[in-house]
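A.B. asks: Dropping the sequence and predicted coords here.
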Amino acid sequence: MTERLLNDQLVGQLKEVFTDLVNPVHVLYFGSREDCEYCPEIEQLLTEVVGVSELLSMETRDLEEHAELAETYRVDKAPGFVLLGKVGQNAQQNAGHTDENPAYEDYGVRFSGIPSGHEFSSLINDLVLVSRRDSGLNGQTREFLAKLEKPVHLQVFVTPT
Amino acid sequence: MLAHQMAMESPFIEAEMVEAMEFPELSNRFQVSGVPQTTINAGAGRLVGSAPEERLIAEIEKALENQG
(Lines give C-alpha, C1' and ligand atoms only; values in the text may rest on other atoms or scores of the structure.)
Protein backbone atom coordinates (compact mmCIF):
# COMPACT_ATOMS: atom_id res chain seq x y z
CA MET A 1 0.00 0.00 0.00
CA THR A 2 1.38 3.41 -0.90
CA GLU A 3 2.03 5.95 1.80
CA ARG A 4 -0.56 8.60 2.43
CA LEU A 5 0.24 11.88 0.74
CA LEU A 6 -1.56 14.06 3.29
CA ASN A 7 -0.22 13.92 6.83
CA ASP A 8 -2.46 14.17 9.92
CA GLN A 9 -1.75 17.87 10.39
CA LEU A 10 -2.75 18.71 6.83
CA VAL A 11 -5.87 16.56 7.09
CA GLY A 12 -6.76 18.46 10.26
CA GLN A 13 -6.32 21.77 8.46
CA LEU A 14 -8.47 20.56 5.59
CA LYS A 15 -11.21 19.48 8.00
CA GLU A 16 -11.19 23.06 9.32
CA VAL A 17 -11.41 24.65 5.89
CA PHE A 18 -14.06 22.18 4.75
CA THR A 19 -16.41 23.34 7.50
CA ASP A 20 -17.02 26.15 4.98
CA LEU A 21 -18.37 23.67 2.42
CA VAL A 22 -22.06 24.27 1.78
CA ASN A 23 -23.28 22.12 -1.12
CA PRO A 24 -21.86 18.84 -2.46
CA VAL A 25 -19.01 18.97 -4.96
CA HIS A 26 -18.10 16.15 -7.31
CA VAL A 27 -14.59 15.79 -8.72
CA LEU A 28 -14.60 14.25 -12.19
CA TYR A 29 -11.05 13.09 -12.78
CA PHE A 30 -9.51 11.79 -16.00
CA GLY A 31 -6.28 9.83 -15.91
CA SER A 32 -4.50 8.09 -18.71
CA ARG A 33 -2.45 4.97 -19.05
CA GLU A 34 -0.56 6.58 -21.88
CA ASP A 35 2.33 8.81 -20.93
CA CYS A 36 1.01 10.25 -17.69
CA GLU A 37 3.79 10.31 -15.15
CA TYR A 38 1.84 12.14 -12.48
CA CYS A 39 -1.48 10.36 -12.86
CA PRO A 40 -1.14 7.86 -9.98
CA GLU A 41 -0.01 10.59 -7.59
CA ILE A 42 -2.73 13.04 -8.46
CA GLU A 43 -5.39 10.37 -8.31
CA GLN A 44 -4.24 9.46 -4.81
CA LEU A 45 -4.04 13.10 -3.75
CA LEU A 46 -7.55 13.86 -4.94
CA THR A 47 -8.90 10.69 -3.32
CA GLU A 48 -7.38 11.70 0.02
CA VAL A 49 -8.66 15.27 -0.20
CA VAL A 50 -12.16 14.15 -1.15
CA GLY A 51 -12.10 11.63 1.69
CA VAL A 52 -11.84 14.40 4.26
CA SER A 53 -15.44 15.56 3.78
CA GLU A 54 -18.74 13.84 3.12
CA LEU A 55 -19.74 16.74 0.91
CA LEU A 56 -17.01 15.81 -1.56
CA SER A 57 -17.16 12.92 -3.99
CA MET A 58 -14.93 11.75 -6.79
CA GLU A 59 -15.14 9.72 -9.95
CA THR A 60 -12.14 8.35 -11.82
CA ARG A 61 -12.24 7.98 -15.59
CA ASP A 62 -9.77 7.32 -18.35
CA LEU A 63 -9.14 9.91 -21.05
CA GLU A 64 -8.96 7.29 -23.81
CA GLU A 65 -11.49 4.78 -22.53
CA HIS A 66 -14.03 7.46 -21.69
CA ALA A 67 -13.24 9.77 -24.56
CA GLU A 68 -16.85 10.78 -25.11
CA LEU A 69 -17.29 11.83 -21.51
CA ALA A 70 -13.99 13.71 -21.64
CA GLU A 71 -15.22 15.54 -24.71
CA THR A 72 -18.50 16.43 -23.01
CA TYR A 73 -16.55 18.10 -20.25
CA ARG A 74 -13.90 19.42 -22.62
CA VAL A 75 -11.05 17.67 -20.86
CA ASP A 76 -8.30 16.98 -23.35
CA LYS A 77 -5.26 16.45 -21.16
CA ALA A 78 -4.41 13.99 -18.44
CA PRO A 79 -4.26 14.33 -15.52
CA GLY A 80 -7.28 16.59 -15.84
CA PHE A 81 -10.27 17.14 -13.64
CA VAL A 82 -13.34 19.31 -13.30
CA LEU A 83 -15.20 20.43 -10.21
CA LEU A 84 -18.91 19.87 -10.57
CA GLY A 85 -21.78 20.85 -8.37
CA LYS A 86 -23.69 17.78 -7.25
CA VAL A 87 -27.36 18.59 -7.24
CA GLY A 88 -30.35 16.72 -5.88
CA GLN A 89 -30.52 14.06 -3.23
CA ASN A 90 -30.97 11.30 -5.75
CA ALA A 91 -27.68 11.89 -7.51
CA GLN A 92 -26.13 8.45 -7.77
CA GLN A 93 -22.57 7.45 -8.33
CA ASN A 94 -21.84 7.20 -12.07
CA ALA A 95 -25.24 8.58 -12.91
CA GLY A 96 -26.21 11.93 -14.22
CA HIS A 97 -23.83 12.78 -17.03
CA THR A 98 -26.71 13.03 -19.50
CA ASP A 99 -29.36 15.65 -20.08
CA GLU A 100 -32.14 13.35 -18.88
CA ASN A 101 -30.68 13.07 -15.43
CA PRO A 102 -28.72 16.22 -14.72
CA ALA A 103 -27.24 15.36 -11.36
CA TYR A 104 -24.16 17.47 -11.96
CA GLU A 105 -23.76 21.17 -12.68
CA ASP A 106 -20.74 22.13 -14.77
CA TYR A 107 -19.45 25.63 -14.03
CA GLY A 108 -16.39 25.35 -16.22
CA VAL A 109 -13.92 24.93 -13.38
CA ARG A 110 -11.04 22.81 -14.65
CA PHE A 111 -7.55 21.75 -13.73
CA SER A 112 -4.82 20.25 -15.91
CA GLY A 113 -1.92 18.75 -14.03
CA ILE A 114 -1.19 18.22 -10.37
CA PRO A 115 -1.78 21.22 -8.13
CA SER A 116 1.18 21.38 -5.79
CA GLY A 117 2.71 24.00 -3.56
CA HIS A 118 0.80 27.24 -3.69
CA GLU A 119 -1.61 25.81 -6.21
CA PHE A 120 -2.76 23.14 -3.77
CA SER A 121 -4.46 25.81 -1.70
CA SER A 122 -6.08 27.09 -4.89
CA LEU A 123 -7.59 23.66 -5.37
CA ILE A 124 -8.90 23.63 -1.81
CA ASN A 125 -10.31 27.15 -2.11
CA ASP A 126 -11.94 26.25 -5.40
CA LEU A 127 -13.68 23.27 -3.81
CA VAL A 128 -15.18 25.68 -1.29
CA LEU A 129 -15.98 28.15 -4.09
CA VAL A 130 -17.92 25.57 -6.09
CA SER A 131 -19.71 24.35 -2.98
CA ARG A 132 -20.92 27.89 -2.34
CA ARG A 133 -22.40 27.98 -5.85
CA ASP A 134 -21.44 31.66 -5.93
CA SER A 135 -18.52 33.42 -7.57
CA GLY A 136 -17.84 35.94 -4.80
CA LEU A 137 -17.05 38.59 -7.42
CA ASN A 138 -17.93 42.27 -6.96
CA GLY A 139 -21.04 43.94 -8.41
CA GLN A 140 -19.27 45.65 -11.28
CA THR A 141 -17.67 42.43 -12.46
CA ARG A 142 -20.97 40.58 -12.21
CA GLU A 143 -22.63 43.30 -14.31
CA PHE A 144 -20.05 42.96 -17.03
CA LEU A 145 -20.24 39.18 -17.02
CA ALA A 146 -24.03 39.22 -17.16
CA LYS A 147 -23.75 40.90 -20.57
CA LEU A 148 -21.21 38.40 -21.86
CA GLU A 149 -22.51 36.39 -24.81
CA LYS A 150 -19.35 35.04 -26.39
CA PRO A 151 -17.35 32.04 -25.21
CA VAL A 152 -14.24 32.78 -23.18
CA HIS A 153 -11.65 30.13 -22.43
CA LEU A 154 -9.20 31.20 -19.73
CA GLN A 155 -6.06 29.15 -19.26
CA VAL A 156 -4.02 30.09 -16.24
CA PHE A 157 -0.49 28.71 -16.36
CA VAL A 158 1.09 28.12 -12.97
CA THR A 159 4.13 26.34 -11.60
CA PRO A 160 4.82 24.82 -8.21
CA THR A 161 6.52 27.16 -5.79
CA MET B 1 -8.55 31.36 -8.32
CA LEU B 2 -9.97 34.47 -9.98
CA ALA B 3 -10.42 32.78 -13.36
CA HIS B 4 -12.43 30.00 -11.70
CA GLN B 5 -14.58 32.62 -9.99
CA MET B 6 -15.33 34.10 -13.40
CA ALA B 7 -16.27 30.64 -14.67
CA MET B 8 -18.69 30.31 -11.75
CA GLU B 9 -20.32 33.62 -12.63
CA SER B 10 -20.80 33.21 -16.38
CA PRO B 11 -21.94 30.19 -18.38
CA PHE B 12 -19.84 31.47 -21.27
CA ILE B 13 -16.59 31.27 -19.34
CA GLU B 14 -14.47 28.17 -18.86
CA ALA B 15 -11.34 28.45 -16.76
CA GLU B 16 -8.54 25.92 -16.73
CA MET B 17 -5.63 26.00 -14.31
CA VAL B 18 -2.67 24.46 -16.18
CA GLU B 19 0.46 23.18 -14.51
CA ALA B 20 3.05 24.63 -16.88
CA MET B 21 5.86 22.14 -16.27
CA GLU B 22 3.60 19.19 -17.01
CA PHE B 23 2.42 20.63 -20.29
CA PRO B 24 5.51 22.23 -21.83
CA GLU B 25 4.22 22.19 -25.41
CA LEU B 26 1.17 24.17 -24.43
CA SER B 27 3.27 26.53 -22.33
CA ASN B 28 5.61 27.11 -25.27
CA ARG B 29 2.76 27.65 -27.66
CA PHE B 30 1.53 30.53 -25.53
CA GLN B 31 5.05 31.69 -24.72
CA VAL B 32 4.62 31.30 -21.01
CA SER B 33 7.58 32.82 -19.23
CA GLY B 34 6.36 34.44 -16.05
CA VAL B 35 3.65 32.78 -14.02
CA PRO B 36 0.88 33.04 -13.41
CA GLN B 37 -0.02 33.75 -17.00
CA THR B 38 -3.63 33.93 -18.13
CA THR B 39 -4.17 33.14 -21.79
CA ILE B 40 -7.53 34.18 -23.17
CA ASN B 41 -9.13 32.26 -26.06
CA ALA B 42 -5.96 30.55 -27.21
CA GLY B 43 -3.96 33.75 -27.47
CA ALA B 44 -6.50 36.41 -28.37
CA GLY B 45 -5.46 38.01 -25.13
CA ARG B 46 -3.08 37.48 -22.30
CA LEU B 47 -2.28 38.71 -18.82
CA VAL B 48 0.99 38.06 -17.06
CA GLY B 49 1.04 38.00 -13.28
CA SER B 50 -1.74 38.24 -10.74
CA ALA B 51 -4.32 40.92 -11.32
CA PRO B 52 -7.51 42.22 -9.75
CA GLU B 53 -10.95 41.54 -11.23
CA GLU B 54 -11.11 44.82 -13.14
CA ARG B 55 -7.88 44.10 -14.97
CA LEU B 56 -8.87 40.59 -16.06
CA ILE B 57 -12.25 41.90 -17.22
CA ALA B 58 -10.50 44.58 -19.28
CA GLU B 59 -8.24 41.97 -20.90
CA ILE B 60 -11.24 39.75 -21.67
CA GLU B 61 -12.99 42.69 -23.28
CA LYS B 62 -9.91 43.48 -25.34
CA ALA B 63 -9.45 39.87 -26.40
CA LEU B 64 -13.06 39.62 -27.59
CA GLU B 65 -12.67 42.85 -29.54
CA ASN B 66 -9.46 41.52 -31.10
CA GLN B 67 -11.31 38.46 -32.27
CA GLY B 68 -14.00 40.60 -33.89
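C.D. replies: Cool, the structure landed. Numbering: from 1, shown residues only, chains lettered A, B, ... in the order given.
A.B. asks: For burial, what's the neighbour tally of the residue lying closest to A:R132 once chain neighbours are set aside?
C.D. replies: Closest residue to A:R132 apart from its sequence neighbours, by C-beta to C-beta, 6 or more residues apart in numbering or on different chains: A:V22 at 5.3 Å. For every residue, glycine as well, the C-beta is placed using N, CA and C. Applying other C-beta atoms under 10 Å in any protein chain shown, we find 12 residues neighbouring A:V22.
A.B. asks: Tell me who's in contact with A:V22.
C.D. replies: A:55, A:131-133 (C-beta atoms under 8 Å, 6 or more residues apart in numbering or on different chains).
A.B. asks: Just among these, which is most surrounded?
C.D. replies: Of these, with other C-beta under 10 Å as the count, A:S131 tops at 21 neighbours.
A.B. asks: Does that residue belong to a helix, a strand or coil?
C.D. replies: With DSSP: H, G, I helix; E, B strand; the rest coil as the basis, A:S131 sits in helix.
A.B. asks: now the helices for chain B?
C.D. replies: Per DSSP state H, chain B carries helices over the ranges B:2-9, B:24-29, B:53-67.
A.B. asks: is the shortest one up against chain A anywhere?
C.D. replies: Yes - where contact is defined by C-beta under 8 Å from any C-beta of the partner chain, part of helix B:24-29 touches chain A, namely B:26-27.
A.B. asks: Which other helices and strands does the helix or strand bottoming out on mean pLDDT in chain A contact?
C.D. replies: The weakest-scoring helix or strand in chain A, judged by mean pLDDT, DSSP states H and E, is helix A:118-132 (a mean of 92). Helix A:118-132 sits against helix A:8-17, strand A:25-31, helix A:39-51, strand A:80-86, strand A:104-112, strand A:152-158, helix B:2-9, strand B:13-19, with contacts defined as 3 or more C-beta pairs under 8 Å, 6 or more residues apart in numbering or on different chains; DSSP states H and E.
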